[in-house]
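*Asks:* No letters, just coordinates:
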């Protein structure tokens, strides 16, 4: 049985592209320190996050090449995405986020919902979430 992986591949490559584009922002505080907004410790922590982001981005590309064999990666990616979305919602609900940043977060949330739908749809279509077993062929009987 051939499993369909188009949706899942698309979701993984989109996650890869978005992560690849956003990774340099983790290193921005080291070069410009955002006008002195971040302390040296915060800038260092941001750069450490950037290094982790690079590793995660490479992992997403690796999983996109063979999504069925590496199905744990999209499952973990979905959990990470849900965790990030919950943190963003908590920041908005608690009113600890400035209004101008709130609008940016809402835009990110919309994108994350689309990515999560693609990811879950791809996992479902490929049979990973349905625990779909490959069809077994009966051995031919010889007379």
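*Replies:* Great, that's in hand. It should be emphasised that the depicted structure is a prediction, and the values quoted were computed from it without experimental measurement.

*Asks:* Pull out the buried positions in stretch 93-105.
*Replies:* Within stretch 93-105, the residues that count as buried by 16 or more other C-beta atoms under 10 Å are 97, 105. Placement of C-beta: from N, CA and C, glycine included.

*Asks:* What is the end-to-end distance of that stretch?
*Replies:* Separation of the first and last residues of stretch 93-105 by C-alpha to C-alpha, to the nearest Å is 12 Å.

*Asks:* Identify the residues contacting it?
*Replies:* Stretch 93-105 has contacts (C-beta atoms under 8 Å, 6 or more residues apart in numbering) with 88, 91, 92.

*Asks:* tell me the mean pLDDT for it?
*Replies:* In this model, stretch 93-105 carries a mean pLDDT of 85.

*Asks:* same deal with stretch 53-60?
*Replies:* Here stretch 53-60 scores 91 as its mean pLDDT.

*Asks:* what residue ranges in the chain score low on pLDDT?
*Replies:* 1-3, 28-38, 131-143 (pLDDT under 70).

*Asks:* does residue 128 count as helix, strand or coil?
*Replies:* coil (DSSP: H, G, I helix; E, B strand; the rest coil).

*Asks:* Name the nearest residue to it, sequence neighbours excluded.
*Replies:* residue 71 (4.8 Å; C-beta to C-beta, 6 or more residues apart in numbering).

*Asks:* which residues touch the one you found?
*Replies:* By C-beta under 8 Å, 6+ apart, residue 71 lies in contact with 123, 126, 128.
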